[in-house]
Each structure stands twice: as C-alpha cells, then as structure tokens.
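Engineer: sequence first, then the predicted structure, then my questions.
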Number of protein chains: 2
Amino acid sequence: MAGDRPGYELEAQIGHLLRRAHQRATSLFLASMQEHQLTPTQWAALVKLHEQGALSQNHLGRLTAMDPATIQGVIRRLVTRDLICRAEDLNDRRRAVLRLTEAGTALVDQLFATAAGISRETLSPLSPSEQAVFLKLLQRLA
Amino acid sequence: MAGDRPGYELEAQIGHLLRRAHQRATSLFLASMQEHQLTPTQWAALVKLHEQGALSQNHLGRLTAMDPATIQGVIRRLVTRDLICRAEDLNDRRRAVLRLTEAGTALVDQLFATAAGISRETLSPLSPSEQAVFLKLLQRLA
DNA sequence: TCGAAACCATACGTACACGAATAAATCGTG
DNA sequence: CACGATTTATTCGTGTACGTATGGTTTCGA
C-alpha cells in the first residue's frame, strides 16, 4: 500500500498519445508521398500558397503554424526544388513575396487526391461517426 | 463550377490538426517543466525506467515509441545530467543496462504531480466527458 | 524629422524523428 | 558445431521545431 505509484500511466497521457498519433500520421504521409519527397509541412506551405496566391514568408508561417525560424528552412528547400519562387514586394521592401511556380501549382493540383487519401487512411481505424466526433474535439485542442 | 477547388481544407486535415495539437501539448509541457529542463521524451524515458527498474536502451525505446537513433540522444543527455546511469549487461555484452540514479528517482517522484497537472491543462478545453471520449479515440490512432 | 516601435528575415544552438549504414554480439537451425 | 539471421547500439544525413540574438526596413509619433 505504502509505496504505491500515484497511478500515472504514461500510455494514458494526452501528450504521449498525441506524440504517437502524430508520428503515425507523419509516417503514413511520407509513405504516400515518397515518390514526390514532400513532408507534411512542405505540403502545408504549398497548399496555402495555392489557396492564397502570394504571401510573405512570416505570414505563410502563421497560416501554417510554423515559427519564422522553421518556415525559413521549409521555404528554402522548396525554392531549391523550384516549386516556389520569391520576388521582392514592391510596396513593402521588407518582405519577400512567395509564389508557387508553374511546376509547384501543377504538383499541388496533382496531389490533392493523394493528400485526401492520406487523411482517409490516417482516420481509418475509426468509424465515420467516430471520425467526425474526433475531428471536432481535436480542432478544439489545436 | 469548373475551376472549383477539390474542397481540400488544410485546417480540417487530421495530420495538420495532430501536428498543431502536438505542438500545443509540447509547449505546455516545456512551460511547466522549465525549471527542470525536461522534454516530453526525456520524461517518458524517466517514467518508464522508474516503472520497470532496469532496461536496455532499445527496449526502453520501444516502450516509449522512440527510434534507436532517437533514444540514443535522449539517453545521452540524461546520463550527462546524472539522472540515468548505464552499466554493461554481464549476460549480453551488446547491451547497456539503464537505471535511474538516486537523483533521477527522486526527480521522477517529485514530478508525477506536475506531469499530471500538465495533462489536465492540455485537456482543459474539453469537458470531462469529452475528454474521456477523445482519449479513447486517440488511443486507437496511436 | 528623427528616433522608437513594429515587422521581417536570417543565423545559431538544442532537441526530437527517422532512414540508412556499420559493427559487434547473440541466437537459431541445420 | 557452424553459419546465416537477428538484435543491439552508434553514426551520418535530412528535416522539423523553437528560443534567442542580430540586423535590416518601414511606419508612427513626439
């Protein structure tokens, strides 16, 4: 009785479970995107640029939940691969405006279906109604 | 109609939401553990060693969902801080047996309450019944 | 108008995360 | 018993993730 553990089970903690679920989601994403060598964050950046047209680097970071220090590396790798191009903003010379290149636009258009498939696969352990409940709750924790 | 987007909303994708929820959980953890400079993975390793007594490095990695390459760095940092010690396994000379030091044991005992508080705080946006539902579903995705 | 404040981008350091390659020790099966 | 497969641990490379510091540009206000 005396030395009993306070009932702290690592496997039942929200942080640990989120970490593992995120690992699994990332793994499924990379497997499906292997051919195109895109990471989840790179995909997020491409999707947002596809949706918004042109954005500054930090603004894109805010829309995709990435630190300025983090988005910097993501953008650099995408520019190197010629999926994104940067131009100076004529109105505000602090900023570098980012846009999808033609190749980038074409790639995003092509991969929407793949990305949707990844989301379906990631959620597949749950029934459709469970998925709806889960996503709703998860949004409130994000 | 023609050029309509395929209805792919980044903010509604499971992978993106898991990434953001994990970021938030990590951030809350680090804030509460700032004084002790412990990361979520370091805490997981310490908790498992507290629970199991002695483990090889890879075994501990499997119990905490970490790659051999990842656990290596985690353990190295904890050994440096004298929270964990390693000894050679006499039966199997490939292995290094890991144990908590006295300081490590004391630290874990002290921080169980803090860790439980972090889990509560992370889940606080949800009602108690929602928390139960969410954790149950999340376990099936981990 | 000139300095402060706000904003933007980069660099460095630390820490996960994992694939791939390596090397040593052990195990299993013929 | 021998030899191939497996297990253990390390190292290297790439890619997030973020705090902090630095320096540049613009805008605002005294």
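Structural biologist: Nice, thanks for sending it over. Remember, predicted model here, so these are calculated numbers, not experimental data. Numbering: from 1, shown residues only, chains lettered A, B, ... in the order given.
Engineer: hmm, the longest helix seen in chain A in reach of chain B?
Structural biologist: Ranked by residue count under DSSP state H, the longest helix found in chain A is helix A:102-123. Yes: contact of helix A:102-123 with chain B (C-beta under 8 Å from any C-beta of the partner chain) involves A:Phe112, A:Ala113, A:Ala115, A:Ala116, A:Ile118, A:Ser119, A:Thr122, A:Leu123. All C-beta spots, glycine's among them, are computed from the backbone N, C-alpha and C.
Engineer: report all helices and strands that the least confident helix or strand in chain A by mean pLDDT contacts.
Structural biologist: Lowest on mean pLDDT, DSSP states H and E among the helices and strands of chain A sits strand A:84-88, with a mean of 85. Other elements packing on strand A:84-88 under the criterion 3 or more C-beta pairs under 8 Å, 6 or more residues apart in numbering or on different chains; DSSP states H and E are helix A:40-52, helix A:68-80, strand A:96-100.
Engineer: and the residue of chain A nearest DNA strand D?
Structural biologist: Taking C-beta to the nearest atom of the strand, DNA strand D has its nearest neighbour within chain A at A:Arg93, 2.4 Å off.
Engineer: is stretch A:134-142 anywhere near chain B?
Structural biologist: Yes: contact of stretch A:134-142 with chain B (C-beta under 8 Å from any C-beta) involves A:Phe134, A:Leu135, A:Leu137, A:Leu138, A:Gln139, A:Arg140, A:Leu141, A:Ala142.
Engineer: still on that earlier bit, and the residues of helix A:102-123 next to chain B, which two are the farthest apart?
Structural biologist: For the residues of helix A:102-123 next to chain B, the farthest-apart pair by C-beta to C-beta is A:Phe112 and A:Leu123; their separation is 17.0 Å.
Engineer: those two: who's more crowded?
Structural biologist: Neighbour count, other C-beta atoms under 10 Å in any protein chain shown: between A:Phe112 and A:Leu123, A:Leu123 has more, with 21 against 15.
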